[in-house]
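1. all I have is the shape, not the residue letters:
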């Protein structure tokens, strides 16, 4: 058919998918042929139908996102984990859903060994491994203690915790202090360098920060810092440069006023100033506060947790409380440090996907185009990722505005139903730990949850909807 | 004519402008009608021809941009102006091309009155005005002393200066310390608050920074900070948030080590941390070092200075040395603070357009989309501005990469010939001072140089080319 014919004859319309288009065309007198086609999604159609027809869902999801958007986050204290978390004796917290030593991957084992040595529960690596394998040291997820931890998420009683509160809804959340990059406990390293640094953090950094934070006339508004970061090329997960600088700016006058040797004060300022990820451990509990505010909203299909233990990826939803839906953790694809390559990378690990759950991190990569130099991909990919995440989410967070998108709010509140319908999975950017215990960081990259998490969540939400 | 006819008949081609297109079409056997049309540019065609045909120009411009790109910038010292600038007694430096008291606008007069009081040369405003009007205090451009100053650029002997050096080509450049926003001398305010702050800067801030900078094991690499800023949503002229934070990070450990009362140390950290434009006075001499490196390259049509004194806008070029080409300063259009409006704004003022001369600031607004909330316009405008500036410039600066443009280098080295040919003027973003002396800042906005500067420069360059 020539161009001329195309324009001179009435159009023939074939409509696929949503029938509102064909109905509208028919109403205008056009001939329409309907094709029974759906985009590639997943999930039992009966489950999807049960959720779409659940009269509670719209209101429940509105309630959930309102709580997420309303949540604030201020820094109220810095205290040892043993004081602020409900930790039984000889317990170590870790990232992701529950796991045993037997199933733990290299970096999680490395972190557990390091914490066991750091706490003085063992004096050799072999002894630590024996205790851990024998179950004489209890393991528990950070998320079960209102806490989050990046990468292995290893949190033991002597570690100092940032203590954050949501001044609007009253929640509390905790995260330990960031060690920096390279050979660090959270990446599974546990050599002398790691343990020496952890000792300094316990004996100098923690006490200085505690004194400083307690002396501040106004508590640090961590949510406001996170919002500013999106205006400054950070996305809050793998770029925390501006955030770490702002934290330094806010803390440094109080740090200088601390009653401590000036060499300690200078060392603390150098340590914070030398760590571009220092803010991450403040950002994560900020996201945790927001998502925990939406915990337990019956009928809501919003995701409240995405977290990985290095073996499994787990999610929780607002409608299903503390129940985990898990699947095998994928291995990130990205850029490697030094001579490391894809074979060195452990599967996905860390509670830091709480950032994406909150709508920043990988979801807001459009705000941080320079991150592609750290996690891989191209600038157009970063923009397209954020655009795509709007299709999976329930709302836009006006507090987290993305300048390059004309200050559009970040895509926030992952909807299990939207994930199943589109078949698209949330995009996470993440650090990569070496798969062999003791290695440390090998790179950073991009990763998605396994579809299984969402399939199980969908089925459970549907079952709950039918029972309601 | 229908679509079908359009595609079935041979095309009729009308070519406007550059004849390479019509020649190429004719070579392919097409019928071409030439129209005698040129894009809206300016300048005497004979002058343009003299420059385009000048055999020195390509090499000279290459030399000029190579020097600009090669220039480094490190912070070597902080010293009083009287020690480092060649200042005669009772001399005050100001922004822009030379000007007398009689022609000075409100904010320049305000700044001169304030500096005269600050130096103790007069004890009342009236006395200061009388001395200035009588010519008993000499005025001289900052640019004549290897210095630059934002807004009124007022620099008097007791002010402390950042001392920067280009470690590659050996140049030196100077700038005083930034006072913050609002009621400040550089915006023409001179009340008690302003003079008290200047006194504290002279007695506390300057000495503390001098000790700190001299104690640093490695001098601060200011160019590297500026490059990082473009990755963090700053463009280096009206957004210096990330840069100011990085300066704080680099300086704070040394500041803490200074032999001064801890209350002074904390006050210095608070002052720096509370001023988002603190870095501007380090960025400007960095740009000045680069542009001065390209001073005096016979045959080069590259702009080395754009500067405004609040009455006139002046430019200099690499091919014409220290000669100023001036025209009336325009009034910026933008956003106003509080109740101020367009009638309160003084015409364009300040040496800070050295940032655009170097290819950042307004030229790199694509790197800083959030700036539209400060200077006005939209995010697409910011992107389009940078794209347009590539048409006026000789090179791209790989050290100043713009992430959102796929890390393309900033548009650098304004070519007088390209400005004349396109008729497009450089885009500057700028603070706005109140036009009444004593007011202070009233807003921030966008502004362009008057075309006259470029018309004069073009004629002078052409005359020089003919004489060569």
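-> All right, it came through fine. Computed from a predicted structure; not experimentally measured. Numbers count the residues shown, from 1 in each chain, chains lettered A, B, ... in the order given.
2. now name the helix or strand holding residue A:89.
-> Residue A:89 belongs to no helix or strand when assigned by DSSP states H and E.
3. hmm, stretch A:370-382 in reach of chain B?
-> Yes - judged by C-beta under 8 Å from any C-beta of the partner chain, stretch A:370-382 comes into contact with chain B at A:370, A:372, A:373, A:378, A:379, A:380. Using the backbone N, CA and C atoms, a C-beta is placed for each residue, glycine as well.
4. make a PyMOL selection of the buried ones in these.
-> A single PyMOL command selects the buried members of those (16 or more other C-beta atoms under 10 Å in any protein chain shown):
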select buried, chain A and resi 370+372+373+379
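5. and the residues of stretch A:370-382 next to chain B, which is closest to residue B:438?
-> Checking those against residue B:438 with C-beta to C-beta, the nearest one is residue A:370 at 42.2 Å.
6. quick check on residue A:340: phi, psi?
-> The phi/psi pair for residue A:340 (degrees, to the nearest 10) reads phi -70, psi 150.
7. so how many other residues sit close to it?
-> A total of 17 residues lie near residue A:340 under the criterion other C-beta atoms under 10 Å in any protein chain shown.
8. again, but for the one 5 residues further on
-> One way to gauge burial is a neighbour count; for residue A:345, by other C-beta under 10 Å, it gives 23.
9. the helices in the stretch 351-468 of chain A, which residues?
-> Using DSSP state H, counting those that start in this stretch, the helices of the stretch 351-468 of chain A run over A:354-357, A:372-375, A:379-389, A:416-422, A:451-467.
10. deepest of those helices, which one?
-> Comparing these by mean neighbour count (mean count of other C-beta atoms under 10 Å in any protein chain shown), helix A:354-357 ranks first with a mean of 30.
11. give me the mean pLDDT for that one.
-> Averaging pLDDT along helix A:354-357 yields 98.
12. and the residue of the stretch 151-300 of chain A found nearest chain B, what does it touch?
-> Ranked by C-beta to the nearest C-beta, the top residue of the stretch 151-300 of chain A for proximity to chain B is residue A:245, at 3.6 Å. Counting by C-beta atoms under 8 Å, 6 or more residues apart in numbering or on different chains, residue A:245 touches B:242, B:245, B:246, B:248, B:249.
13. hang on, the earlier thing: okay, the residues of stretch A:370-382 next to chain B in CSV with distance to residue B:41 and pLDDT next?
-> As requested, the residues of stretch A:370-382 next to chain B are exported to CSV (distance: C-beta to C-beta, whole Å; pLDDT from 0 to 100):
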residue, distance to residue B:41, pLDDT
A:370, 36, 94
A:372, 38, 92
A:373, 39, 90
A:378, 36, 94
A:379, 33, 95
A:380, 34, 95
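14. just the residues of stretch A:370-382 next to chain B now: which is nearest chain B?
-> Proximity of those to chain B (C-beta to the nearest C-beta) peaks at residue A:370, which lies at 4.2 Å.
15. could you list the low-pLDDT ranges of the stretch 201-350 of chain A?
-> Regions of the stretch 201-350 of chain A meeting the criterion pLDDT under 70 are absent.
16. gap between the two ends of stretch A:134-146?
-> From its first residue to its last, stretch A:134-146 covers 27 Å (C-alpha to C-alpha, to the nearest Å).
17. got the contact list for that stretch?
-> A:85-88, A:90-101, A:112, A:116, A:121, A:131, A:148-149, A:153, A:155, A:171-174, A:288, A:292, A:305, A:307, A:309, A:316, A:322, A:351.
18. which positions within it qualify as buried?
-> Neighbour counts over stretch A:134-146 (16+ other C-beta under 10 Å) mark A:137, A:139, A:140, A:141, A:142, A:143, A:145, A:146 as buried.
19. centre of the chain to the helix or strand the second one falls within, how far?
-> What that stands for is residue A:139. Using DSSP H and E, residue A:139 sits in strand A:138-141. Here strand A:138-141 is found 19 Å from its chain centre; the criterion is C-alpha atoms, centre = their mean, to the nearest Å.
20. helices - which of the contacts of residue A:245 land there?
-> For those, the ones inside helices are B:242, B:245, B:246, B:248, B:249, with DSSP state H as the criterion.
21. what about residue A:301, distance to residue A:420?
-> Going from residue A:301 to residue A:420 by C-beta to C-beta, to the nearest Å gives 9 Å.
22. assign residue A:235 to helix, strand or coil.
-> coil (DSSP: H, G, I helix; E, B strand; the rest coil).
23. any idea which helix or strand comes after the strand holding residue A:139?
-> Counting by DSSP H and E, the next helix or strand C-terminal to strand A:138-141 is strand A:160-165.
24. the residue lying closest to residue A:312 once chain neighbours are set aside: neighbour count?
-> Residue nearest to residue A:312 in three dimensions, not counting chain neighbours: residue A:326, with 4.5 Å by C-beta to C-beta, 6 or more residues apart in numbering or on different chains. Close neighbours of residue A:326, defined as other C-beta under 10 Å, add up to 22.
25. mind listing what the spatially most central residue of chain A touches?
-> Geometric centre of chain A, nearest residue: residue A:353, 1.9 Å, by C-alpha atoms, centre = their mean. Contact analysis of residue A:353 by C-beta under 8 Å, 6+ apart lists A:306, A:307, A:308, A:361, A:426, A:428, A:430, A:449.
26. show me which residues of chain A sit near chain B.
-> Selection of chain A residues close to chain B by C-beta under 8 Å from any C-beta yields A:2-4, A:7, A:228, A:231-234, A:241-242, A:245-246, A:248-250, A:252-253, A:256-257, A:262, A:265-266, A:269-270, A:273, A:369-370, A:372-373, A:378-380, A:403-407.
27. so which of the ones in helices among the contacts of residue A:245 comes closest to residue B:217?
-> Using C-beta to C-beta, the ones in helices among the contacts of residue A:245 come closest to residue B:217 at residue B:249, 15.3 Å.
28. so the closest one sits right up against residue A:275, yeah?
-> No - assessed by C-beta atoms under 8 Å, residue B:249 is found out of contact with residue A:275, at 10.5 Å.
29. what's the ChimeraX line that selects buried ones from the contacts of stretch A:134-146?
-> Buried members of those can be picked out in ChimeraX with the line below, counting by 16+ other C-beta under 10 Å:
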select /A:85,87,91,92,93,94,95,96,97,98,99,101,112,116,121,131,148,149,153,155,171,172,173,174,288,292,305,307,309,316,351
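30. domain parsing for chain A?
-> Chain A breaks down into these domains under automatic domain parsing: A:3-37, A:50-68+A:293-467, A:70-284.
31. who wins for proximity to residue B:468 among those domains?
-> domain A:50-68+A:293-467 (44.3 Å).
32. distance between the closest one and the chain's centre?
-> Distance of domain A:50-68+A:293-467 from its chain centroid, counting by C-alpha atoms, centre = their mean, is 7 Å.
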